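Participant: next one to model:
(one chain, ligands or ions: 2)
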Amino acid sequence: MTQIQKTKLSNVKKIIMVVSGKGGVGKSTVAAGLALSLARDGHSVGLLDADIFGPSIPTLFNLNDSGRPESVEKNGKTMLVPFNRFGIKLMSIGFFFEQSQPVVWRGPMVTNVLKQLLNDTDWEELDYLIVDTPPGTGDIHITLMQEFVIAGAVVVTTPQKMAHDDVQRAIGMLQDDKIGLPIIGVIENMSWFSPTIHPDEKYFLFGKGGAEFLSKTFDIPLLAQIPMNETIAESCDKGKLQDIFADANIEKAFTTLTEKIVSQPRIFKYIK
Ligand SMILES: Nc1ncnc2c1ncn2[C@@H]1O[C@H](COP(=O)(O)OP(=O)(O)O)[C@@H](O)[C@H]1O
Ligand SMILES: [Mg+2]
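Facilitator: Residues are numbered from 1 along each chain as shown. Ligands and ions are numbered 1, 2, ... in the order given. Down below sits the predicted model:
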């Protein structure tokens, strides 16, 4: 096999992929919450929505009616200007389509669009570029892993045992001999339900110990457990992602996650 020369985005220190076994586990919510938490912590952050078939970033940041990103000429090249919310530079394929428009593309087209969004967005200087990927293991993941220098990946899951087969496939892809990446850790979302008005109560709706089991089995750190509650669901639907931190438990979970990612030794091992 010929080795493909990987692209290192020159002004981006670390790209982190957010991966999950299946959809609906809160991958986009976690990716956006992590980006926001890193930005609040003083890092320069970008968030790329690489979920070409189901982009969520425009909704999460209330940018569905924002129109297309503008472009600028830089060093003789036309670059897309990302939207900026709360200091986060945002780019999504969703900015180029109406919400109801289905995206029906073949593999090569998808990978070309992804590469363009990465290469032709004017990210300026970033400490972290968080990439929200589609569920599962497909062309998007393979293109990212084969063709770009990625610092590491986080795997988002829920506590149910049912989710395990899919997550294990995603971990298998990340640990692949040829295109594998450091797995920074597992994030368990919807670990328990704690209503915002009764923050000390915990209801384990989906069972317990799923992510802990994965963490032990694959020797991957469990980075955080994010509770489920009505504040997250409401804020995200209304495009007010920033409001998720109004709930003390959610804020604490994201702070823990951010601290662990920032101080994570695994991602420095491979990146010069
Ligand atoms: N911890 C949580 N508590 C409550 N609702 C959540 C939580 N995490 C995600 N959600 C909701 O679950 C739905 C799916 O989340 P999303 O991030 O779109 O998942 P994915 O990107 O994995 O498909 C969204 O409506 C989101 O608001
Ligand atoms: Mg999503």
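
Participant: tell me which residue of the protein lies closest to ligand 2.
Facilitator: Closest contact between the chain and ligand 2, by Cβ to the ion, is at residue 28 (3.3 Å). Heads up, the C-betas are built off the backbone N, CA and C, glycines and all.

Participant: doesn't residue 13 belong to a helix?
Facilitator: No: looking at residue 13 with DSSP: H, G, I helix; E, B strand; the rest coil, it is strand, so not inside a helix.

Participant: what sits against it?
Facilitator: The contact partners of residue 13, taken as Cβ atoms under 8 Å, 6 or more residues apart in numbering, are 126, 127, 128, 151.

Participant: mind putting those residues into CSV with neighbour count, secondary structure and pLDDT?
Facilitator: Below are those laid out as CSV (neighbours: other Cβ atoms under 10 Å; DSSP: H, G, I helix; E, B strand; the rest coil; pLDDT from 0 to 100):
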residue, neighbour count, secondary structure, pLDDT
126, 20, strand, 98
127, 16, strand, 97
128, 23, strand, 98
151, 23, coil, 95
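
Participant: nearest to ligand 1, of the residues you listed?
Facilitator: Ranked by distance to ligand 1 (Cβ to the nearest ligand atom), the contacts of residue 13 are led by residue 128 at 18.7 Å.

Participant: show me what that closest one is bridged to.
Facilitator: When bridges are taken as DSSP bridges, the partners of residue 128 come out as residue 14, residue 45.

Participant: shouldn't it be in contact with residue 17?
Facilitator: No: at 11.5 Å, residue 128 does not count as touching residue 17 under the criterion of Cβ atoms under 8 Å.

Participant: which residue lies farthest from the center of the protein?
Facilitator: The outermost residue of the chain relative to its centre, with distances by Cα atoms, centre = their mean, is residue 76 at 30.9 Å.

Participant: for that one, give me phi and psi.
Facilitator: When read as degrees, to the nearest 10, the backbone of residue 76 gives phi 80, psi 10.

Participant: then the one 3 residues further on?
Facilitator: With angles defined as degrees, to the nearest 10, residue 79 shows backbone torsions of phi -120, psi 150.

Participant: quick one, what contacts the closest residue to it other than its chain neighbours?
Facilitator: Of all residues not flanking residue 79 in the chain, residue 122 sits nearest, at 4.0 Å (Cβ to Cβ, 6 or more residues apart in numbering). For residue 122, the contact set (Cβ under 8 Å, 6+ apart) comprises 72, 74, 79, 80, 81, 82.

Participant: now the element after the helix or strand hosting residue 59, going C-ward?
Facilitator: According to DSSP states H and E, residue 59 maps onto helix 57-60. Heading C-terminal from helix 57-60, the first helix or strand you meet, by DSSP H and E, is strand 71-74.

Participant: ok, that following strand: who's next to it in the sheet?
Facilitator: Strand 71-74 has the following sheet partners, assigned by DSSP bridges: strand 77-80 (antiparallel).

Participant: for the strand it pairs with, buried residues please.
Facilitator: Under the neighbour-count criterion of 16 or more other Cβ atoms under 10 Å, strand 77-80 has 79, 80 buried.

Participant: what parts of this protein come near ligand 1?
Facilitator: By the rule Cβ under 6 Å from any ligand atom, the part of the chain lying against ligand 1 is 20, 23-29, 56, 189-190, 226, 228-229, 232-233, 236.
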